[in-house]
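1. build me a structure from this.
(chains A and B)
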2 protein chains.
Amino acid sequence: MKKVLIYDSTLRDGAQAQGISFSVEDKLKIVERLDRLGVSYIEAGNPGSNPKDLEFFERIGRIKLRHAKVIAFGSTRRVNVSVHEDANVKSLLKADTPAIAIFGKSWDFQVIDILKTTLDENLKMIFDTISFFKNKNKEVVFDAEHFFDGYKANPDYAMKALRAAVEAGADSICLCDTNGGTFPNEIQDITSKVVNEFNVDVGIHCHNDTGMAVANSIVAVQAGAVQVQGTINGFGERSGNANLCTIIPNLQLKAGYDCIPKESMSDITATARYVSEIANVVHDERAPYVGKYAFAHKAGMHADAVSKNSVAYEHISPELVGNERLFLMSEVAGRSAVLHLINNIDNTITKDSPQTKLVLEKLKELEFEGYQYEGAESSFEIVIRKILGKYHPSFELGEFKVVVNEPSICGANSSAMIKINVDGQNEITADEGQGPVNALDKALRKALERFYPQIAEMKLTDYKVRVLDSNSATAAKVRVLIESTDGKEVWTTIGVSTDIIEASWRALVDSIEYKLIKDKEAGQSS
Amino acid sequence: MKKVLIYDSTLRDGAQAQGISFSVEDKLKIVERLDRLGVSYIEAGNPGSNPKDLEFFERIGRIKLRHAKVIAFGSTRRVNVSVHEDANVKSLLKADTPAIAIFGKSWDFQVIDILKTTLDENLKMIFDTISFFKNKNKEVVFDAEHFFDGYKANPDYAMKALRAAVEAGADSICLCDTNGGTFPNEIQDITSKVVNEFNVDVGIHCHNDTGMAVANSIVAVQAGAVQVQGTINGFGERSGNANLCTIIPNLQLKAGYDCIPKESMSDITATARYVSEIANVVHDERAPYVGKYAFAHKAGMHADAVSKNSVAYEHISPELVGNERLFLMSEVAGRSAVLHLINNIDNTITKDSPQTKLVLEKLKELEFEGYQYEGAESSFEIVIRKILGKYHPSFELGEFKVVVNEPSICGANSSAMIKINVDGQNEITADEGQGPVNALDKALRKALERFYPQIAEMKLTDYKVRVLDSNSATAAKVRVLIESTDGKEVWTTIGVSTDIIEASWRALVDSIEYKLIKDKEAGQSS
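-> Residues are numbered from 1 along each chain as shown, chains lettered A, B, ... in the order given. So this is what the prediction gives:
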């Protein structure tokens, strides 16, 4: 198997994405996780442009990595400045990494219009900077910015920029489609020409502005590139960078290249989610391989065929990338998808049992009200239990009242009073919290813990609100999703109402009921 | 310019996506919008599998379209059933569309393992069904399901399936990468072979399971395909279908093909958003061409260069697709991006003015608290006004109190009391609503309308909540974004707090202040 070096730039080019800002702690966590995945290079920052990065490089230098080399990224020396006196070059050296990536111009128009210098001076800037770091025994990657646009405008000059880097001793030259506008056939032609021209490793760095960053990276590898730059989840400016979570399985599982250790492949879904979590962005659930819906089946016909034979509608087995098959619950789901869930509760029920029909009808009715059980299967399980007569509420609500006072800078500003009944015993209590949902959540748990001490084990880990009919904004229906965990399992429940408190309440009740049902059944089976 | 026929399947294959469910009204609206965009075909439903679709086809038949032909989609007749007696074939005929798409198997394994019939019977199913519709004078598209997987497994049989369709009179044969696992080089080879073999139009239908659906469609066109099937925003099962909002500008603006009327191209961003809105899904703001961030610049260096020359970091001009350039406000934005906004308020301020530094420092501080002004520039404008001394609050809050009662099935369950002061005059009032935010919003407007009657013109159009630190769920910080309009302009404001009511309050106040500032300035300038 031919080796392809995976070069991750999540912490540098990925951090240019809208909405992403990594702390030093975030970066350290991500480096360790990427090293565990087994990438070859981690481009972790631009010490010249961001002083926060210097602290990071100092700390990362003390951590031993198993697979990856950490790379500091920066530009060539400035125009008409000695490389020894250039502030950015000094910062790069100070980062004290084993490898350095230097970016430089290879498009004549940019040299003249943006740098406002001569074509010759730009070549000297590349040569001087790379020579400087080679003399310091660094591994050096040359990133040829705008290489494809440059090559199309002036192939001679673009090649001269690469030659300056190679003559200065660059260990690899990376061709960047900086504006992301290049087509696969162009990538193939131009990459082949470069591979044939030089005796150093050639890399590829694509952006997704034409939606083809992944394909362009693949095509470049097929044309002889051996280093692929990209980011986890395709994070990056504008429409993002080439998505390594797609490229790695594409190359390794489907095209016979060796990118990361074989045993790491099933960690790629978890890695992708981990990085989304740290970056604090909503994970793209439609992402190939690593999205929750990458192997989800909705249409009755497809779901049916997948049950018969998974090759029918899946290009790879989801387990290979640590993901799983999902049958989506929806009006058009068809019986076999719904039956799958019903059988988890009662395996004597078949596709033609009357209960299956009742569940499908109820599902349709609830979807009409705004419920969407795709992603909230735990709430749907409770719906099924109610229909099958396998649901016994753990408590009954007497009443509640929540009071929210005017904004305060910190501390609790809301209080909730709640009255519940468990097996004939009343409990009335109250608690306060930051906002009405928090106050209500705390009061409900407080009231229930007397009866069900295991509720103390569970906590809410995510809380999402979606407005359903955005034309009436604050008075529109809202859908609340609550994700909970007890350290053993994670489950999601849903509530829909015109009132955010009521929607939250419904999701909260389902979450607690799910926990209690789960524990009761575990108790029975053990 | 070579013509490429755009075949939209948003309403059929797109509707298989997780979370998407179109009503008949939704479908009618989307058909009209797609026709306005100028696509050639609209595959609008599968009347055999969805009875709701028959009502839709009846209604759409009465509407005159300018560009598009409406297509009903369905499978070949069933195994060993006469085509005249097949229920699905009857439904297709009943749909009464000018064109029909028939899907059939071309992968031998699927014929034997899924259909459980002979290879010959499958060819007859294709031939009989297409002949039937050709005898009824329909235009017929044959969708060869799993064509690429089929071709790789048994090229002879895959070609035989196409030949059965062509001999039956199919007007076009569409090659489907149903599992989305095919690579661009394979698409190119196999499409070329089909194009050379048959004298009918060849189409391409790709799924995005390897993240290459757009590139695969482009490569197929370059290999001779003249019909491209896909969906708006790439909606579709699993990782989605080929995204027409990327393919159309790729082909027409960058590769010289003619897909839609020239004057429609600048409507594509609005069309993409419109379809997201109707489908009730969050628009993908990173999407090439049509996402809010497709032409957004964050890094100081890039934003600087774009200001100098837009070709430097943009592959096309955003206006061509009806989108716009965006300078993102963030810690790393750099002065030139922030200055752009400052100059909207006071154009005497320069990059080096002390106020520019103060604004950047305040931005950093607020981002640390959880504010993100990317997407909420109106709130950031108020921050800048405060620093420049150009902000005079329209009112002062005395106090408020909100009471939420226990869940009720319908009607108002929350009430809010509010006391404000405008220029020394107190106003105390109250209102009720569905949930605390709605009650508070209504009470605040009621109190203010006495002083500022133009507030009646504005309404909230979207309300979004994001939990910032999801590890503490209901007690975590929340970020609320409120989108408002007065019919002339749309603006977005932000509030952050541990309390959802307080965060909503802050965004609400900014929204109202923004409206009043805007009106005051318009009054001064007119």
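2. what does the residue in chain A sticking out farthest from the centre show for phi and psi?
-> Note on chain A: the largest C-alpha distance from the chain mean falls to A:G424, namely 47.4 Å (CA atoms, centre = their mean). Backbone torsions of A:G424, given as degrees, to the nearest 10, read phi 90, psi -10.
3. run through the residues that contact it.
-> Shown here is A:G424, which makes no contacts under the criterion CB atoms under 8 Å, 6 or more residues apart in numbering or on different chains. No exception for glycine: its C-beta is placed from N, CA and C like everyone else's.
4. from chain B, how far off is it?
-> Per CB to the nearest CB, to the nearest Å, A:G424 is found 21 Å from chain B.
5. same question, A:V24
-> A:V24 sits 14 Å away from chain B when distances are taken as CB to the nearest CB.
6. that residue: neighbouring residues, count only.
-> Number of residues near A:V24 (other CB atoms under 10 Å in any protein chain shown) recorded here: 17.
7. with A:A507 instead?
-> For A:A507, the count of nearby residues is 29 (other CB under 10 Å).
8. now it: closest residue in space, sequence neighbours ignored.
-> Here the nearest residue to A:A507 in space, its sequence neighbours aside, is A:G495; by CB to CB, 6 or more residues apart in numbering or on different chains that works out to 3.7 Å.
9. quick check: the one you found touching A:I501?
-> No - under the criterion of CB atoms under 8 Å, A:G495 makes no contact with A:I501, lying 9.8 Å away.
10. who has more neighbours out of those two?
-> A:I501 (30 against 26).
11. name the helices or strands packed onto the host helix or strand of that one?
-> Secondary structure here is read from DSSP states H and E; on that basis A:I501 sits in helix A:500-525. Taking 3 or more CB pairs under 8 Å, 6 or more residues apart in numbering or on different chains; DSSP states H and E as the contact definition, the neighbouring helices and strands of helix A:500-525 are helix A:377-388, strand A:396-405, helix A:436-449, strand A:459-467, strand A:478-485, strand A:490-497, helix B:436-449.
12. so which residues make contact with the second one?
-> Spelled out, it's strand A:396-405. Contact partners of strand A:396-405, identified using CB under 8 Å, 6+ apart, comprise A:413-422, A:426, A:428, A:435-436, A:439-440, A:443, A:501, A:505, A:509, B:400-406, B:436, B:499, B:501.
13. and if you look at the third one?
-> When contacts are defined by CB under 8 Å, 6+ apart, helix A:436-449 is touched by residues A:394-395, A:400, A:402, A:404, A:412, A:414-420, A:422, A:427-433, A:455-456, A:460, A:463, A:500-501, A:504-505, A:508, A:512, B:402, B:404, B:436, B:474-475, B:498-501.
14. list the buried ones in it?
-> With burial defined by 16 or more other CB atoms under 10 Å in any protein chain shown, the residues of helix A:436-449 counted as buried are A:436-448.
15. and these, which two are furthest apart?
-> Largest separation among those by CB to CB: A:P436 and A:L448, giving 18.5 Å.
16. state the pLDDT value of A:L468.
-> Model confidence at A:L468, expressed as pLDDT, equals 64.
17. can you check A:D352 too?
-> Here the pLDDT value assigned to A:D352 is 85.
18. can you tell me how far it is from A:S336?
-> In this structure, A:D352 lies at 12 Å from A:S336, with CB to CB, to the nearest Å as the measure.
19. before we move on, what about A:E263?
-> In this structure, A:E263 and A:S336 are separated by 34 Å, where distance is defined by CB to CB.
20. looking at these two, which is more packed in?
-> It is A:S336, of A:E263 and A:S336, that has more neighbours when counted by other CB under 10 Å, with 19 against 8.
21. show me the contacts for the closest residue to A:M417 other than its chain neighbours.
-> By the measure of CB to CB, 6+ apart, the closest residue to A:M417 outside its immediate chain neighbours is A:A430, 4.4 Å from it. Residues in contact with A:A430, defined by CB under 8 Å, 6+ apart, are A:415-418, A:443.
22. with secondary structure and distance to B:Y257 added, can I get these in TSV?
-> Conversion of the contacts of A:A430 to TSV gives the following (DSSP: H, G, I helix; E, B strand; the rest coil; distance: CB to CB, whole Å):
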residue	secondary structure	distance to B:Y257
A:S415	strand	64
A:A416	strand	61
A:M417	strand	66
A:I418	strand	64
A:A443	helix	63
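23. farthest-separated two in those?
-> Longest distance between any two of the contacts of A:A430 is 10.6 Å, between A:S415 and A:I418; criterion CB to CB.
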